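>>> Requesting a structural model of the entry that follows:
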Amino acid sequence: MTENVSDPEPASEDSRLVSLEERLDRAEAAEAKRTAVNAGPESDANYRLGNRVLAELLGGLIGGGLFGWLIDRFADTSPWGLLVMLFLGIVVAFRNIIRLTSTPRK
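Modelled structure (predicted):
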């Protein structure tokens, strides 16, 4: 008792799959267009600003720490020189970051 079951249509001929592929192609094209617009000059400017903020923060911390360590080393004031200069480095870094981000970009 074998039934004669016809094979289903091949996947390439199924109208639902064709419709799905068309919708996926349109969605991919729209996404490519959207990301191409976002990857323009505005994105580069944001990337540069982020790098500048990071450099200011690291520079303030490392510079303050280094100067404080040198003061402690030569004046024998350990750990107060390091702590004071590290705090000043953080304050200067945040002041520079606030100044950087509050000025209007061109």
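>>> For the longest helix belonging to the chain, name the packing helices and strands.
Secondary structure of the chain per DSSP state H: the longest helix is helix 41-75. Other helices and strands packing on helix 41-75, by 3 or more Cβ pairs under 8 Å, 6 or more residues apart in numbering; DSSP states H and E, are helix 80-102. Heads up, the C-betas are built off the backbone N, CA and C, glycines and all.
>>> ok, residues contacting the helix it packs on?
Helix 80-102 is contacted by residues 49, 52-53, 56-57, 59-65, 67-72, 75 when judged by Cβ atoms under 8 Å, 6 or more residues apart in numbering.
>>> Try it again at 10 Å.
Contacts to helix 80-102, defined as Cβ atoms under 10 Å, 6 or more residues apart in numbering, come from residues 49, 52-75, 77, 79.
>>> angle of that helix against helix 41-75?
For helix 80-102 against helix 41-75, the angle between stretch directions is 160 degrees (axes from the mean of the first three to the mean of the last three Cα atoms, to 10 degrees).
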